[in-house]
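K.L.:
Sequence below, structure please.
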Amino acid sequence: MTEAAQRNISEPDGPAAVGEGKTLEKGTGAGVPGRRAPLGDPATRGRTTIADGVVEKIAGLAARDVLGVHAMGSGFARTFGAVRDRVPGSKSVTRGVKAEVGEVQTALDLDIVVEYGVSIVEVARAVRENVVAAVERMTGLEVVEVNIAVGDVKLPEDDDEDDREQRVQ
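P.N.:
Got it, this is the predicted structure:
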């Protein structure tokens, strides 16, 4: 123990109990039979685990907030998801996101579709920045990597086809 740490333990009113070279504070109940020693900061008691799905949702929402990202997921995932999204309350924000969560770190893989005309490099940079900031702020996990796969480009003429498909049901 450092000198400062030893002083902080015993300073308030001097030593209350001494045993095997340890000095404890008065009023802690540490030297009294039947009383437990303080356990320390309550924030350090126990363990918090964060599921992969939680990180995937956070990352999915953060990626969708970036201008230039049209959709998330590979072609098959988007097709399947479009059918699932028509069921009320079933929209999946985790589509196109895969997270591997450890005890203190996480790694993310994202599949995105970008709008035609945007800089893919700039969109990918903005997605990384937004995802890292959101995941680290909300979970406290360190994001070690965000891998982005651009699987498609949304062309302007695709809007007409999308509208036509939605009208014909």
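
K.L.:
Every contact and neighbour count from this point should use C-alpha atoms.
P.N.:
OK.

K.L.:
how about low-confidence regions in this protein?
P.N.:
1-33, 37, 75-91, 159-169 (pLDDT under 70).

K.L.:
Tell me where it has helices.
P.N.:
Along the chain, counting by DSSP state H, helices occupy 3-10, 52-64, 75-85, 120-139, 158-167.

K.L.:
Longest strand in this structure, by number of residues?
P.N.:
When the chain is parsed with DSSP state E, its longest strand is strand 142-154.

K.L.:
Enumerate the positions of it that are buried.
P.N.:
142-143, 146, 148-150, 152-154 (16 or more other Cα atoms under 10 Å).

K.L.:
Parallel or antiparallel, which strands does it pair with?
P.N.:
strand 105-115 (parallel) (DSSP bridges).

K.L.:
what does the strand it pairs with contact?
P.N.:
Applying Cα atoms under 8 Å, 6 or more residues apart in numbering, the contact partners of strand 105-115 are 56, 68-74, 96-101, 120, 123, 141-155.

K.L.:
rerun at 7 Å
P.N.:
68-74, 96-101, 141-155 (Cα atoms under 7 Å, 6 or more residues apart in numbering).

K.L.:
then that strand to PDB, C-alphas only?
P.N.:
Provided in PDB are the C-alpha atoms of strand 105-115 (Å, rounded to 0.1, in the frame of the first residue of the first chain):
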ATOM      1  CA  GLN A 105     -14.700  -5.600 -25.700                       C
ATOM      2  CA  THR A 106     -16.900  -6.100 -28.700                       C
ATOM      3  CA  ALA A 107     -16.400  -6.500 -32.400                       C
ATOM      4  CA  LEU A 108     -19.000  -5.700 -35.000                       C
ATOM      5  CA  ASP A 109     -19.700  -6.700 -38.600                       C
ATOM      6  CA  LEU A 110     -22.200  -4.600 -40.600                       C
ATOM      7  CA  ASP A 111     -23.700  -5.200 -44.000                       C
ATOM      8  CA  ILE A 112     -25.000  -2.000 -45.500                       C
ATOM      9  CA  VAL A 113     -26.600  -0.600 -48.700                       C
ATOM     10  CA  VAL A 114     -25.600   2.900 -49.600                       C
ATOM     11  CA  GLU A 115     -27.400   5.500 -51.700                       C
END
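
K.L.:
Okay, angle between that strand and helix 120-139 too, please.
P.N.:
140 degrees (axes from the mean of the first three to the mean of the last three Cα atoms, to 10 degrees).

K.L.:
Around the residue lying closest to L67 once chain neighbours are set aside, count how many other residues there are.
P.N.:
Spatial nearest neighbour of L67, excluding adjacent residues (Cα to Cα, 6 or more residues apart in numbering): V123 at 7.3 Å. When neighbours are defined as other Cα atoms under 10 Å, V123 has 19 of them.
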